[in-house]
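A.B. asks: Quick one, fold the following:
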Amino acid sequence: MASFPSLGLCLLALFHGCLAQEVTSDFSIIPEWIWPSHPQRSPQRISSPCQFQKIQALPPSLRIESEAGTTDIWQPKASQQFRCAGVAVIRHVIRRRGLLLPGFLNAPALAFVTQGRGIKGTVLSGCPETFETSRQSQFQRQQQRDRHQKVEQVNQGELLAFPTGTTHWIYNNGRSNLIVVAFVDIGNRANQLDFNLRKFFLAGSPRLENYENILNGFSTQILQQSFNIRTDLARRLQSGRNETRGAIVYAREGLALLAPRQQGQRGGRDNGLEETICTLRLTHRIAGPAVSDIYNPRAGHISTVNDVDFPILNLMGLSAARGVLYPNAILAPQWTQNAHRIIYISRGNVHIEIVGSSGQNIFNDWVQQGQIVIVPQNFAVVKRAGNNGADWVSFRTNSNAITHMLAGRNSVINSLPAQLLKVAYGISNEQARRLKTSRREMTLFSPSQQGRRQYNEDEDEEE
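C.D. replies: Predicted coordinates for the structure are as follows:
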């Protein structure tokens, strides 16, 4: 009888091994309850020791001009701090009626819409085509039906999630430029290639290394046979070989797509995955006081999103925060225990100081609109807005980033016993009490008159 439990354990182990072999190749979109394999980062993949001895606020290292917009890239190979953090950033500026052609990335990406509105599509492999568009030709009485996976309206202030290897595209149907800033976590375990940013396009021709149309590489004959189409149409799929429109092209007559706010039909059969993968939200609003987690009427507001608010982040191992600082307001000194932070300034300017384990100030400067600064894991950072305030978005390399405050009512210092502070800093009982109670605000601090004068002088000197 004792052999039956052993046999059961062996069968369980065998099944577990087979299941692991089958699903881990695409675990970036497998829900946690199906396969508990959280995509944690892999620091051992960094080929050389990284020393964050000096941080710089960086503009993009590369710009790609396209017919209907521009693409700016912060490349890991162009910056040691990006390479050490295992991250890259892409900023797309899509003009009116511009279409970012479909493609997919080699790592999970989290994007923030800083301006404009548009339509986004994401193709999840194996999911049904639940949207149906009907069009009637001028010369045909019969309606032509087109089925596709769902498309979504995207607006300023929203986060967009792009799991590893999922095809996505964005179309600007608004009246102004659509600007999308995308953080790509190439150090994520879902990326099994190298620490280079790679974008695999399905159309167009950006003509950049690791950023090309993959259909151009196939033979015309194999495309003809694979799609069962004529040779001339197969050649059109490879038209990017000879064109110069780039990755963002004009749809001059617009795109007649079924958008969520338009009238249409939903159809398609269930395939058993709809409630676990196919219906996951890929868009989440993060901007505005109404969705803020922290609000101070004298200092600003912050919205955070993690895997609880936005479940897809649990599968991607990422999270984000979006903040607004009023003029001269301060974001409390703090550190994040389990993630790097990539901070993009979307409006205004902010003075940032970063301190590492050596006790040395490795960054102490103004960061301007459109620049990026990286705050390494556990490094302490403090921000103070300029005279016109500042907006920023912060991407984190963990789906549930944990931050500790150094100052304020909910801070580490405030939580320590006064007698301990007295001994640690060699101060009096009264000084220890003041250290704990002088700043009663949480996280966001309104500026003091003395600090405001000092920072105004520093900002004037910088200008």
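A.B. asks: and residue 436, how many neighbours does it have?
C.D. replies: For residue 436, the count of nearby residues is 18 (other C-beta atoms under 10 Å). In this view, the C-beta of every residue, glycine as well, is placed from N, C-alpha and C.
A.B. asks: would it count as being in a strand?
C.D. replies: No. Counting by DSSP: H, G, I helix; E, B strand; the rest coil, residue 436 is not part of a strand but helix.
A.B. asks: Grab the nearest non-local neighbour of it.
C.D. replies: residue 414 (5.1 Å; C-beta to C-beta, 6 or more residues apart in numbering).
A.B. asks: which SS state does the one you found fall under?
C.D. replies: helix.
A.B. asks: Isn't it up against residue 408?
C.D. replies: Yes. Counting by C-beta atoms under 8 Å, residue 414 does reach residue 408; the two are 6.9 Å apart.
A.B. asks: residues shared between the contacts of the two?
C.D. replies: Between them, residue 414 and residue 408 share no contacting residue under C-beta atoms under 8 Å, 6 or more residues apart in numbering.
A.B. asks: for residue 186, what are its contacts?
C.D. replies: 76, 86-88, 106-107, 195-197.
A.B. asks: Same check on residue 307?
C.D. replies: Contacts of residue 307 by C-beta under 8 Å, 6+ apart are 313-314, 319, 399-400.
A.B. asks: Check the spacing between it and residue 314 real quick.
C.D. replies: 4 Å (C-beta to C-beta, to the nearest Å).
A.B. asks: residues of the lengthiest strand in the chain that come out buried?
C.D. replies: Determined from DSSP state E, the single longest strand within the chain is strand 380-396. Within strand 380-396, the residues scored as buried using 16 or more other C-beta atoms under 10 Å are 380-386, 389-396.
A.B. asks: Please identify which pair of those residues lies farthest apart.
C.D. replies: 386 and 396 (24.2 Å; C-beta to C-beta).
A.B. asks: quick one: residue 283 and residue 158 touch, right?
C.D. replies: Yes. Using C-beta under 8 Å, residue 283 is in contact with residue 158, at 5.5 Å.
A.B. asks: now for the helix or strand harbouring residue 420, which elements pack on it?
C.D. replies: Using DSSP states H and E, residue 420 sits within helix 418-425. Judged by 3 or more C-beta pairs under 8 Å, 6 or more residues apart in numbering; DSSP states H and E, the packing partners of helix 418-425 are helix 429-437.
A.B. asks: distance between the helix it packs on and the chain's centre?
C.D. replies: 41 Å (C-alpha atoms, centre = their mean, to the nearest Å).
A.B. asks: try stretch 224-237
C.D. replies: With C-alpha atoms, centre = their mean, you get 36 Å for stretch 224-237.
A.B. asks: First-to-last residue distance for that stretch?
C.D. replies: For stretch 224-237, the first-to-last residue distance is 10 Å (C-alpha to C-alpha, to the nearest Å).
A.B. asks: So which bits of that stretch are buried?
C.D. replies: Buried, per 16+ other C-beta under 10 Å, within stretch 224-237: 224, 234, 237.
A.B. asks: contacting residues for the closest residue to residue 250 other than its chain neighbours?
C.D. replies: What sits nearest to residue 250 in space, not counting adjacent residues and going by C-beta to C-beta, 6+ apart, is residue 68, at 4.6 Å. Taking C-beta under 8 Å, 6+ apart, we find residue 68 in contact with 94-95, 97-99, 245, 248-250.
A.B. asks: Output those residues in CSV; the columns should cover secondary structure.
C.D. replies: Shown next, in CSV, are those (three-state DSSP):
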residue, secondary structure
94, strand
95, coil
97, coil
98, strand
99, strand
245, coil
248, strand
249, strand
250, strand
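A.B. asks: Now do the helix or strand hosting residue 342 and strand 380-396, the angle between them.
C.D. replies: Element membership for residue 342, per DSSP H and E: strand 341-355. Angle between the axes of strand 341-355 and strand 380-396 is 170 degrees (criterion: axes from the mean of the first three to the mean of the last three C-alpha atoms, to 10 degrees).
A.B. asks: Alpha carbons only: can I get strand 341-355 in PDB?
C.D. replies: Extracted in PDB, the C-alpha atoms of strand 341-355 (Å, rounded to 0.1, in the frame of the first residue of the first chain):
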ATOM      1  CA  ARG A 341      12.700  53.600 -10.800                       C
ATOM      2  CA  ILE A 342      12.800  55.200 -14.200                       C
ATOM      3  CA  ILE A 343      11.500  58.800 -13.900                       C
ATOM      4  CA  TYR A 344      10.400  60.700 -17.000                       C
ATOM      5  CA  ILE A 345       9.600  64.400 -16.600                       C
ATOM      6  CA  SER A 346       6.500  65.200 -18.700                       C
ATOM      7  CA  ARG A 347       6.100  68.900 -17.700                       C
ATOM      8  CA  GLY A 348       8.100  71.500 -16.000                       C
ATOM      9  CA  ASN A 349      11.400  70.800 -14.200                       C
ATOM     10  CA  VAL A 350      12.300  69.300 -10.900                       C
ATOM     11  CA  HIS A 351      15.400  69.300  -8.700                       C
ATOM     12  CA  ILE A 352      16.500  65.700  -7.800                       C
ATOM     13  CA  GLU A 353      19.100  64.500  -5.400                       C
ATOM     14  CA  ILE A 354      20.100  60.800  -5.300                       C
ATOM     15  CA  VAL A 355      22.300  59.200  -2.600                       C
END
